[in-house]
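# Dropping a prediction and its sequence here:
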Amino acid sequence: MAEILTEIEKSVYPYIQDFLSSNRLLEVSRLTSYLKVVFANTKKVNLNKEGISHTIENLMDKKVIFEGTRLTRDEILINAKRNAIYTYICENPGVYHYQIVKELGLANHIINWHIQALLQFDFIKELRIDNHQLYYDSNYAEDRVINNYYSRNEKSNQILDYLKKQPEGCSKTQLAKELGMHPLTIKKYTDELVKNAFIVKKNSGPKLFINENLTTNSHDIRIA
């Protein structure tokens with residue numbers, strides 16, 4: 001999320017808002033010239049051209065403003081549809097694009113437009129897994145998104161359900177044979193399940209075991 005503004009940035013920001021309120025896109029060169037004239041006339045902000053440029057750069061680094069748009073960070077959630085999309089993503093970290101469309105009943109291009117604004121201003125982040133684009137709040141940990149994704153995935157749960165019934169563990173080859181999955185598919189999912197501590201290897205052997213310390217509360221996973 002955006003960092004806290006310095007006193008100088010706070011003093012300059014309202015003038016930037018005034019500049020953008022005239023329905024103008026933010027162009028750094030034009031904004032710099034505008035602020036230079038305003039500050040010279042008002043004497044309320046003591047900044048030269050270099051100081052103005054530095055302040056604008058800082059505000060852009062903090063994702064408060066962006067070149068090429070007339071939006072500012074504090075205006076992002078004023079739009080009702082964008083706010084609804086953001087709220088839904090926050091309540092459902094790791095949600096897919098089509099799930100947002102289905103749940104909110106908005107057209108694809110509208111969802112895309114607002115998601116890009118939320119991404120640009122760092123309200124949300126995106127992560128691609130298995131050809132799915134997942135969205136989550138910027139304050140939500142990425143590893144939890146990955147964890148949640150695999151805990152809800154059908155193939156992952158097939159693997160976990162089978163391993164739960166194998167106290168002696170089993171190999172990837174056996175999993176592929178018993179579950180009717182391609183060996184590369186088994187490798188892909190078991191590697192992720194090991195990485196996220198759903199399953200474990202003991203003594204570095206080839207067999208995989210269900211993680212006995214795994215609980216449904218801590219990992220939000222379905223284990224029959």
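That came through, no problem.

# Beta-bridge partners for the closest residue to Lys201 other than its chain neighbours, please?
Nearest in space to Lys201, with sequence neighbours left out and distances taken as C-beta to C-beta, 6 or more residues apart in numbering, is Leu208 at 6.2 Å. No exception for glycine: its C-beta is placed from N, CA and C like everyone else's. Note on Leu208: beta-bridge partners Cys170, Lys201, judged by DSSP bridges.

# what's near enough to touch Leu208?
163, 169-172, 175, 190, 194, 199-201 (C-beta atoms under 8 Å, 6 or more residues apart in numbering).

# Which one of the residues you listed is nearest to Ile4?
Val194 (39.9 Å; C-beta to C-beta).

# residues of the host helix or strand of that closest one that come out buried?
Using DSSP states H and E, Val194 sits in helix 183-195. The neighbour-count check on helix 183-195 (16 or more other C-beta atoms under 10 Å) flags 186, 189-190, 192-193 as buried.

# Report the separation between the residue nearest to Lys201 and Phe198.
According to C-beta to C-beta, to the nearest Å, Leu208 and Phe198 sit 10 Å apart.

# repeat for Val101
For Val101 relative to Phe198 (C-beta to C-beta), the value is 30 Å.

# quick one: pLDDT of the residue nearest the centre of the chain?
With distances taken as C-alpha atoms, centre = their mean, Lys125 lies nearest the centre of the chain, 1.8 Å away. Predicted confidence (pLDDT) for Lys125: 97.
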